[in-house]
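Asks: Quick one: sequence plus predicted model below, questions after.
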Amino acid sequence: MGNIVTRRLRIREWKPSDAPALYDIFQDQEIRQSGICFCSSIEECQRIIKKMDRKE
């Protein structure tokens, strides 16, 4: 997937350096209560991001 850029929004692929931010998102109580799977560590987030990158 390529980047999507508009005047007000920029969407790009995850990078391993985004793992701390992704982990922070998964710590949000509403996200945790949603029932979706969540990462339990920054290292786990890095593994998931790297795995997603290999699927493309």
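Replies: All right, it came through fine. Numbers count the residues shown, from 1 in each chain.
Asks: Against residue 37, how distant is residue 49?
Replies: Using C-beta to C-beta, to the nearest Å, residue 49 is found at 14 Å from residue 37. Where you see a C-beta, it was placed from the backbone N, CA and C, and this is true even at glycine.
Asks: Please identify which of the two sits among more neighbours.
Replies: Ranked by neighbour count (other C-beta atoms under 10 Å), residue 49 and residue 37 place residue 49 first, with 18 against 8.
Asks: pretty sure that one contacts residue 16?
Replies: Yes. Using C-beta atoms under 8 Å, residue 49 is in contact with residue 16, at 5.4 Å.
Asks: If you count residues, where's the longest helix of this protein?
Replies: helix 42-55 (DSSP state H).
Asks: What residues of that one count as buried?
Replies: By neighbour count with 16 or more other C-beta atoms under 10 Å, helix 42-55 contains the buried residues 45-46, 48-49.
Asks: Put the alpha carbons of the lowest-mean-pLDDT helix or strand in the chain into CSV.
Replies: For the chain, scoring each helix and strand by mean pLDDT, DSSP states H and E identifies helix 29-33 as the least confident one, at a mean of 85. Listed next in CSV are the C-alpha coordinates belonging to helix 29-33 (Å, rounded to 0.1, in the frame of the first residue of the first chain):
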residue,chain,number,x,y,z
GLN,A,29,-9.2,1.5,28.1
GLU,A,30,-11.8,1.9,25.4
ILE,A,31,-9.7,0.0,22.9
ARG,A,32,-9.0,-2.8,25.4
GLN,A,33,-12.7,-3.1,26.1
